[in-house]
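Asks: Quick one: sequence and predicted model below, then my questions.
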Amino acid sequence: MASSSLAPPPGLRRRRNRARLRTAGFLSPWLIGFSVFFAYPLIATVYFSFMHYNQIEEPDFVGLRNWKYVLTQMPLFGPALWNTLWLVVVMVALRIVFGLGIGLLVTKIKSATGFFRTAFYLPYLAPPVAATVAFVFLLNPGTGPVNGILGALGIPAPAWFNDPGWAKPSLVMLSLWGIGDLMVIFMAALLDVPKEQYEAAELDGAGAWRKFRYVTWPSITPIVMFAVVTGVVQTMQYYTQALVAGKLASGVSVGPGSVVQPGYPEHSTLTVPQLVYSLGFQNFNTGAACVLSLVLFVIAMAVTTLLMRKRAGLLPAEDRSV
Amino acid sequence: MPFPRMRTFLSVALAGAGLLVPGCAHPSVGSDRDDPAKPVTLRFWHGWSNAGEVKAIEDSVARFEKLHPNITVKVIGNVTDETVNQVLRAGGDEAPDVVSSFTTNNVGQYCSSGMWADLDPFMRKTGVDKEKVFPKTFLEYTSYEGRQCALPLLADAYGLYYNKDAFKEAGIARPPRTMSELRRAAVKLTRRTGDGSYERVGIMPNFRFYENSPDRLFAQWGPAYFDRQGKARLAEDPRTKEFFATQRALIRAQGGYAALERFRATFGDEMSSQNAFLTQKVAMHMDGEWRGLMLKDQKAKFGWGTAPMPVPDDRADTYGRGCLTGTVAGIAHSSRHQNAAWELVRFLTVNTDQVVRFANAIHNVPSTKAALKSPELDTDPTFRTFLDIARNPYSTAIPPSVNGGQYIVTLRDFAYDVEAGKVPDLDRGLRGLDAQIDADNLQSQN
């Protein structure tokens, strides 16, 4: 028979099977991790997005009710999405610019380099909650030293975390203070640019801007893209600082009987992850929380895909296949 | 045998994961067939964290253990409602048997989901006639749609705290009794510095101030949030518009929302020595009975008194009323010792001597009819005000709902917009508010 004549000999088949088993064995840690921590939660999230489920009673199929509720009837969805996207655009962009600027600065400093690098990196090591508490204290409109100094200088002082217009910029300031992570990777990238290229550019009469534009920038573009992609993904999950700042600035003591309503003031610090937690683990509205999570997931995937495609365009020709 | 293709393998793995999903949705089930006379260890979770309060609840448990030597109670304090909710859903051997909550907001959710066991069968078994033991309002806020899944474990009443020195200085003889009197007193008590900024306001009417949740002030109008079908009816109730008009008039009379909000942002934390009433930045404010103990502990540098919150001018006969809420206790659905757990709940909530001693110890309002009349109660007049508010027949609590206090959160958000002048058409806004509350309730129903 033709089929039997095409079948590989038994010895070869056994070797192939062994090779496949070996491959699967090497892949198994990833496969298990992928299944348990990604595939299963993703399937569960899709499943529960069509269910009424309060985490006590049996899930009950409700069709598109959760989707309709989140997308058309939940008033906080719009502000939460807007705040999250605002932070993604403004915070990520400013962190890249600021991180690169500090990175350039510390690579140019000739003396006390260790001190300055440590000083700029240290704030990044502060726990997010402690850093946020300190910022809210410093920027307290009534008792904080910052407004005290601004007032003494005759400069009108904003209400920072208590003003809906200033709350998000205040969070951006907090993130810029902890820029140490980006400073380190930019500093490493900048120190990695071959000195010969700068010397050649100088011989060609290039000034500081042209050297940055034509030597530094092409060399560090992959690092910038890495910082943008990871920054976008991290900011999509922005939770702790916004929650702590809103809770503290509100001045209301939250005891065991009360539930923290995120977003103070006027929902200006409400982000989608806070809303997911609030719906899922305060209201136990699991279906709606799953819908929100899926919306966030789709947006994060779309933005990341777009950035990865753009990344190909930004990279030097020889790196595009990477 | 050929090795299965990777695609097939992945499909099977994902399908298996999918099958696991519904399997995770089975909460553990408890039992009410235990013998409460047999030795048993109960877990009791509560929210008290202050050293004095923790000692008071531990003393209460010690008294219970003396009465029931076969029952040992493991007490865990400073537990939030969120933690209780999550643990009861997760189940497990370490989950509590007896649970308590500092708020009545979640009772609807506890009862409708079955997370807290129905207490009526236990009361019947042990001869507790709840109508005879508890005031009607307290029974209402501990049940939902006929299911009594909680009982009041002391109550809280909201009244007016006022600075007697400031009143004397402004020539005001007594605390205000109507909303008009409140507005006039607030204006007289407001003091400004040379540059026109506030040194003190008469009352801070903005809803974000400490305990100023709109539902608490709205209680002075005795609102009905829902109709018989459970639909929100705030738009059709004229009291809602009166309430917002009164609050906005209070704001206007003292300088406007933006100026007051700027001043409010300078206040210290509610529970700290920088509390705005303690630092005399406000001369009057609405608060619960527990604040008295804090004012004494912090040794307030001025004379202060308490009174019921003022009522609307056209309802002067209801003066003395206030918003009621309180701590509630119940039995976890997952408890395997529900009869023993009931003995603890019964002791804490029904036993008059225990209720009075605990109320005196933590300066809360007792929650049984007998305890409210007890001569053993604290005789401090600033505390007695709140006992009178709790006894007042016009005092109300917010009705429980299927999704906890979600409708109060929605009302609060709406009220923030109203006070900021962001709702130009109040009628339309209230209709939208009702629609939102109904949509949220529908979303939470099965």
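Replies: Good, I have the coordinates. Residues are numbered from 1 along each chain as shown, chains lettered A, B, ... in the order given.

Asks: rest of the way, CA atoms for contacts and neighbours
Replies: Will do.

Asks: can you list the residues of the stretch 51-200 of chain A near chain B?
Replies: Counting by C-alpha under 8 Å from any C-alpha of the partner chain, the stretch 51-200 of chain A comes close to chain B at A:52, A:54-60, A:65-66, A:69, A:73-74, A:140-143, A:159, A:162.

Asks: Of those residues, grab the buried ones for PyMOL.
Replies: Here is the PyMOL selection string for the buried members of those, based on 16 or more other C-alpha atoms under 10 Å in any protein chain shown:
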select buried, chain A and resi 52+54+55+56+57+58+59+65+66+69+73+140+141+142+159+162
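
Asks: Just the ones in helices from the residues of the stretch 51-200 of chain A next to chain B, please.
Replies: A:Arg65, A:Asn66 (DSSP state H).

Asks: mind listing what residue 235 touches?
Replies: Going with chain A. A:Thr84, A:Leu87, A:Val88, A:Met91, A:Val92 (C-alpha atoms under 8 Å, 6 or more residues apart in numbering or on different chains).

Asks: wrong one, I was asking about chain B
Replies: B:Asp427, B:Leu430, B:Arg431, B:Leu433, B:Asp434.

Asks: The fourth one contacts B:Ile408, doesn't it?
Replies: No. The pair B:Leu433 and B:Ile408 does not pass the contact test of C-alpha atoms under 8 Å, sitting 10.8 Å apart.

Asks: contact partners of stretch B:191-202?
Replies: Applying C-alpha under 8 Å, 6+ apart, the external contacts of stretch B:191-202 come out as B:185-190, B:254, B:263, B:280-284.

Asks: which of those residues tops the neighbour count?
Replies: With neighbours defined as other C-alpha atoms under 10 Å in any protein chain shown, the most crowded of the contacts of stretch B:191-202 is B:Met284; it has 29 neighbours.

Asks: so who does whichever residue of the stretch 101-250 of chain A sits closest to chain B touch?
Replies: Of all residues in the stretch 101-250 of chain A, the one sitting closest to chain B is A:Gly142 (3.6 Å; C-alpha to the nearest C-alpha). Listed by C-alpha under 8 Å, 6+ apart, the contact set of A:Gly142 reads B:Ala265, B:Thr266, B:Phe267.

Asks: Out of those, flag the one nearest to B:Trp45.
Replies: B:Phe267 (33.1 Å; C-alpha to C-alpha).

Asks: helix/strand/coil for the closest one?
Replies: coil (DSSP: H, G, I helix; E, B strand; the rest coil).

Asks: got a list of contacts for stretch B:432-440?
Replies: Contacts to stretch B:432-440, defined as C-alpha under 8 Å, 6+ apart, come from residues A:69, A:73-74, B:231-235, B:403, B:406-407, B:410-411, B:414.

Asks: which residues in the stretch 301-446 of chain B form helices?
Replies: Here the stretch 301-446 of chain B has its helices, by DSSP state H, counting those that start in this stretch, at B:338-350, B:352-362, B:369-372, B:381-391, B:406-419, B:426-444.

Asks: Which one, of those helices, ends up nearest to A:Ala289?
Replies: Of all the helices of the stretch 301-446 of chain B, the one in closest proximity to A:Ala289, counting by C-alpha to C-alpha, is helix B:426-444 (11.9 Å).

Asks: The closest one versus helix B:406-419: what angle between them?
Replies: For helix B:426-444 against helix B:406-419, the angle by axes from the mean of the first three to the mean of the last three C-alpha atoms, to 10 degrees is 160 degrees.

Asks: got the CA coordinates for helix B:426-444 in CSV?
Replies: The C-alpha trace of helix B:426-444 is given here as CSV (Å, rounded to 0.1, in the frame of the first residue of the first chain):
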residue,chain,number,x,y,z
LEU,B,426,-32.2,68.3,39.5
ASP,B,427,-35.4,66.5,38.3
ARG,B,428,-33.7,65.0,35.4
GLY,B,429,-30.7,64.2,37.5
LEU,B,430,-32.8,62.4,40.1
ARG,B,431,-34.6,60.4,37.3
GLY,B,432,-31.2,59.3,36.1
LEU,B,433,-30.2,58.4,39.7
ASP,B,434,-33.2,56.2,40.1
ALA,B,435,-32.5,54.5,36.7
GLN,B,436,-28.9,53.9,37.8
ILE,B,437,-29.9,52.4,41.2
ASP,B,438,-32.4,50.1,39.4
ALA,B,439,-29.8,49.1,36.9
ASP,B,440,-27.3,48.3,39.6
ASN,B,441,-29.8,46.3,41.6
LEU,B,442,-30.9,44.4,38.5
GLN,B,443,-27.3,43.6,37.8
SER,B,444,-26.9,42.0,41.2
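
Asks: and it, which residues are buried?
Replies: Applying 16+ other C-alpha under 10 Å to helix B:426-444 flags B:426, B:429-431, B:433-441, B:443-444 as buried.

Asks: Over to stretch B:78-95?
Replies: For stretch B:78-95, the neighbour count (16+ other C-alpha under 10 Å) marks B:Val79, B:Thr80, B:Asp81, B:Glu82, B:Val84, B:Asn85, B:Gln86, B:Leu88, B:Arg89, B:Ala90, B:Gly91, B:Ala95 as buried.

Asks: Which ones among the residues you listed also lie next to chain A?
Replies: Filtering the buried residues of stretch B:78-95 for proximity to chain A by C-alpha under 8 Å from any C-alpha leaves B:Val79, B:Thr80, B:Asp81, B:Glu82, B:Gln86, B:Arg89.

Asks: Spatially nearest residue to the fifth one (excluding sequence neighbours)?
Replies: The spatially closest residue to B:Gln86, leaving aside those adjacent along the chain, is A:Phe281, at 7.1 Å (C-alpha to C-alpha, 6 or more residues apart in numbering or on different chains).
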